[in-house]
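A.B. asks: Generate a structure from the sequence data that follows.
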Amino acid sequence: MANMRNIKKEINGLTNEVISDCFLHLYMHKDKNRKEVTGIMKDTLKTRNDLIYKVNHFDSGDSKKIKKHFGKIRSELVDKMDGHFEKLSEITKETSDSVKK
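C.D. replies: Next up is the predicted model:
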């Protein structure tokens, strides 16, 4: 099903963006806030696995239900990844502000 393939690509793409930003933060700021950033990475991977599970396990049947199911997954993906990006941005801002002082 093409829809499943596309949503899996979206999930993996956004997950990879968050993880790569986390690695970039760790590289730029060495050991500062390492626990918090690795926590974001773990949460991101858990979210990814949960969403992929939801994509693979759904009740097939009415096309409206399927469309609604995938719509919920997409909105959850955007909400969760946006939250992870915001957390990382806050940590990066705090780290940058402390470096400036």
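A.B. asks: Would you mind confirming that residue 94 is in contact with residue 33?
C.D. replies: Yes: counting by Cβ atoms under 8 Å, residue 94 touches residue 33, with 7.4 Å between them. The way it works is simple: take the backbone N, C-alpha and C, and place the C-beta from them, glycine included.
A.B. asks: quick one: which of these two has more around it?
C.D. replies: residue 33 (20 against 13; other Cβ atoms under 10 Å).
A.B. asks: The more buried one and residue 41, how far apart?
C.D. replies: 12 Å (Cβ to Cβ, to the nearest Å).
A.B. asks: now swap in residue 49 and tell me
C.D. replies: 13 Å.
A.B. asks: One more: residue 95?
C.D. replies: On the measure of Cβ to Cβ, residue 95 and residue 41 end up 16 Å apart.
A.B. asks: Helix, strand or coil: sort out residue 31 for me.
C.D. replies: Classification of residue 31 using DSSP: H, G, I helix; E, B strand; the rest coil returns coil.
A.B. asks: Quick check: pLDDT value at it.
C.D. replies: On pLDDT, residue 31 comes in at 74.
A.B. asks: ditto for residue 3
C.D. replies: Reading off the model, residue 3 has pLDDT 77.
A.B. asks: Many thanks, have a good one.
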